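1. Got a sequence here, can you build the structure:
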Amino acid sequence: MSDELLRLTVLGCATPYPSVDNPCSGYLVSSGDTHIWVDAGSGTLGPLQRHVRLDELDAIWISHLHADHSADLLTAYYGALYADVHLAAPIPLYGPPGTADRLANFLTNTPARSPIESAFAVTELHDGHQVAVGSLRLTSRAVSHGIPAFAVRIETAGKSLVYSGDTAPCPNLAELAEGCDVLVCEAESALAPVEGEQVHHTPEDAGDTASTAGARRLIVTHVGRFLTPQQAVTRASARFDGPVDYAAPDATFSIG
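-> I've put the predicted structure just below:
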């Protein structure tokens, strides 16, 4: 009954800009006929279309408004309204406070505000926000990234996936990930900062968060430019006893 599986397809995970063969952060989460674009970083709209059209999406969920997680909303707007896509209704878009105005400020070229609400039905996230999207249940928690930022738990039929977005280790993420089947956790930083606020995980932090949460599997993602994927996996594995994988672009993971 493969249609009942929870599937994660990696569209890209590069930071802070795309590489030749790896767009920025973006994922397609699907179960049956339900499809959610999770983060829309630079370059992810292209590979998204290998799997679904914009008018086949049930929702878009955005962790925070840094460009490597949200910039392709701008081109998606043009695709949704001015090309070969025919929306039956605006695409539900769940994002941090200020998402609608941020898009409108960039897209408006005349005295009239660009009609972003014709493309996206925007709902602002808050800590503890919950919503059902098709067969999937989404719970969002605020996390520690220096700007409004969220992680999400996606569940269906007893299966669970948690995506960290960008964040330092924090209690909200560990609580959200408690007992999950898969934790997709960023591992951007080669080292934790000696001074100043920490806003990302190191690979060791990712392993610790997975261990604290009792996750069954860890997938490290958003690996920074001063680490290789293998280094991130190896270092996270030293702190987490379960299986550890890397969110390679184009990879699909089945959960359940």
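2. And stretch 123-131, what's buried?
-> Within stretch 123-131, the residues scored as buried using 16 or more other CB atoms under 10 Å are 123, 125, 129. Any C-beta I mention is one placed from the backbone N, CA and C, and that applies to glycine too.
3. Next, the residues that contact it from outside, please.
-> Residues outside stretch 123-131 that contact it (CB atoms under 8 Å, 6 or more residues apart in numbering) are 92-99, 137-142, 150, 172.
4. tell me which residues of stretch 156-168 are tucked away?
-> Using 16+ other CB under 10 Å as the test for burial, stretch 156-168 gives 156, 159-168.
5. Need the max-distance pair from the residues you listed.
-> T156 and A168 (28.8 Å; CB to CB).
6. How is the residue of the chain positioned farthest from its centre assigned, secondary-structure-wise?
-> The C-alpha centroid of the chain is most remote from P111, which lies 33.3 Å away (CA atoms, centre = their mean). Assigned by DSSP: H, G, I helix; E, B strand; the rest coil, the conformation of P111 is coil.
7. pLDDT wise, what is it at?
-> P111 is assigned a predicted lDDT (pLDDT) of 91.
8. List the contacts of it.
-> Neighbour list for P111: empty [criterion: CB under 8 Å, 6+ apart].
9. The residue lying closest to P16 once chain neighbours are set aside: what's it in contact with?
-> Closest residue in space to P16, ignoring its immediate chain neighbours: D68 at 5.2 Å, by CB to CB, 6 or more residues apart in numbering. Counting by CB under 8 Å, 6+ apart, D68 makes contact with 14-17, 24-25, 41-42.
10. low pLDDT regions in the stretch 101-250 of the chain?
-> Along the stretch 101-250 of the chain, the model assigns pLDDT under 70 to no residue.
11. Which stretches in it count as strands?
-> Assigned by DSSP state E, counting those that start in this stretch, the strands in the stretch 101-250 of the chain fall at 120-124, 130-133, 136-142, 150-156, 159-163, 182-186, 218-221, 244-246.
12. Please consider this matter closed, and thank you.
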